[in-house]
Every structure is written in C-alpha cells, then in structure tokens.
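Peer 1: Need a 3D model of the sequence below.
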Amino acid sequence: MSFTGKVAFITGAGSGIGRATAQLLASQGAKVAAADLRADTAGETAAAIVTAGGKAIGVGVNVSSKAEVSAAIERTVQEFGALDILINCAGIYPRALVVDIEESQWDQVIGTHLKGTFLCCQAAVKQMIRQKSGRIVNIVSGIALNGARRGSAYSAAKGGIMSFTKSLALEVREHNIMVNALSPGPTRTPMSSWGSAKPGDPSYAEMISQHPQGLKEPEQAAQYIATLAGPLFDNTTGRIMHF
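Peer 2: Numbering: from 1, shown residues only. Have a look, this model is predicted:
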C-alpha cells in the first residue's frame, strides 16, 4: 500500500496506536503531522520518522480546544500544502465508578474523545471539501456497545463517536470524503489496563476470556487504520469496523 504524496494528521501520535500509525503511514510515503497533547512526545515521533527517512512535523495540541485544533490543522496545510487523511487516536481512560467519578474527569474524557474528534473533523473537513477528497478514521471501542465497569465516561464518549461518524459520513460523501471508524479490539498501549499484561497474569486471562483473539500490538492496529485510510475503502463510508 502506498501513501506517497498524501498528507496525514494523526492525533494521539505521541505513543501507542497513534505513534505506530504515524510511523507506518510515513514509511509508506505519507507526510505526517504527529499531533499530541504533549509536544515533546509528538516531537519524538516526528523525529523518529525523519530519522527513518520520512517527512513529519510534531504538533502539540489540546484536541478539546477549537483554537488549538484550528491552528494545528492550518500549520499542517501550510507545511505540506494539503490534508488528505485525518486519524483521531487521542484518548484517555481514567477509571472510576459512576458514583465516584468527578465532574472534571467526565468532562475531560468527553472533551478529549468526543469533542476532540468533532473539532478535528470540523477543521479537517473544511480543507478536504476545498480539495474535493479526504479520508477520516475515528478510533472507537467495543466498550461502547458492551459497557465496562468503571468505564462509563469512556464508553459514552466512544458511543458518541460511533454515531458522529455515521452522521458526518452522510454530510460529506458528496465531496468524496470517506468517514469510517475502527474498533481495534484490546491493544497493548500505555492507556490500556492490559498494557503490561503477559500470559499467565490474571488480567491477561480475563482479557482472553472476553477476547479470544488475544492482545494486539499497536502496529497491528496501525495496519487496520492504514487499510481503512487506503484505496481499498475508496467507496466505503459510515462504517464501524471491528477487529
């Protein structure tokens, strides 16, 4: 698969699935804006891509801020001349029971996931409409369908992204912009409760009981994302893909 000549803006690119996706798309020819709340980790991802021979910039951005998102997208277009692909990977997952979760925690989760996805899509779509093409992949989770003890905010946010994906897809299809969402399944990331789990650990056994396909690495999820952003899905939009 080739992304030569394409420009990708990827949130949450400082670690986990976002970083793996940024590195994969860059290795396949894309120019990448690696965006993250932490400018230092975004810069590390971009530096690794450049060292490997790719083209990238690191962008520090709070995705729940419209001003910061708009500025980040504008910088990307100024740097690379276009915006072809948006991948929304930014995420947090504070765990708390509904009776215990602080309002500020709830707002932060919804702001990062749901509002952040909305703001990034809104800013990116304006540029993509001008170009008459674009690909958007939003990251969701099976937890949105199944729920999770101590994960109500995360579940609600991911469910909102699923609905938002379908609605946005209807709005922008006429501009040749495809919008899909990916639920990658349990993946070993810093945010995941299974991030450090190994075979034999109680947490790993629990995960396998729910997901017999096992724990994925970020690089596997990145492959799924690249597939959704690539030519194989040129005429597919509004889909929620579960792996």
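Peer 1: for this protein, longest helix please?
Peer 2: helix 152-172 (DSSP state H).
Peer 1: Off-centre distance for the next helix or strand after that helix?
Peer 2: Sequence order places strand 177-183 as the next helix or strand after helix 152-172, per DSSP states H and E. On the basis of C-alpha atoms, centre = their mean, to the nearest Å, strand 177-183 sits 10 Å off its chain's mean C-alpha point.
Peer 1: In contact with the residue nearest to Ala48 when sequence neighbours are not counted, which residues?
Peer 2: Of all residues not flanking Ala48 in the chain, Gln23 sits nearest, at 6.7 Å (C-beta to C-beta, 6 or more residues apart in numbering). In this view, the C-beta of every residue, glycine as well, is placed from N, C-alpha and C. Applying C-beta atoms under 8 Å, 6 or more residues apart in numbering to Gln23 gives the contacts 45, 48-49, 52, 54, 222.
Peer 1: Which elements pack onto the longest helix of the chain?
Peer 2: helix 103-110, helix 116-131, strand 134-139, helix 143-146, strand 177-183, strand 240-242 (3 or more C-beta pairs under 8 Å, 6 or more residues apart in numbering; DSSP states H and E).
Peer 1: pLDDT weak spots in the protein?
Peer 2: 190-214 (pLDDT under 70).
Peer 1: circling back to that earlier point, quick one: which of the contacts of Gln23 is nearest Leu119?
Peer 2: Thr45 (20.9 Å; C-beta to C-beta).
Peer 1: dump the residue contacts of that closest one.
Peer 2: 13-14, 18-19, 22-23, 34, 36, 56, 58.
Peer 1: just Met178 next, same as before
Peer 2: Per C-beta under 8 Å, 6+ apart, neighbours of Met178: 134-136, 169, 233-237.
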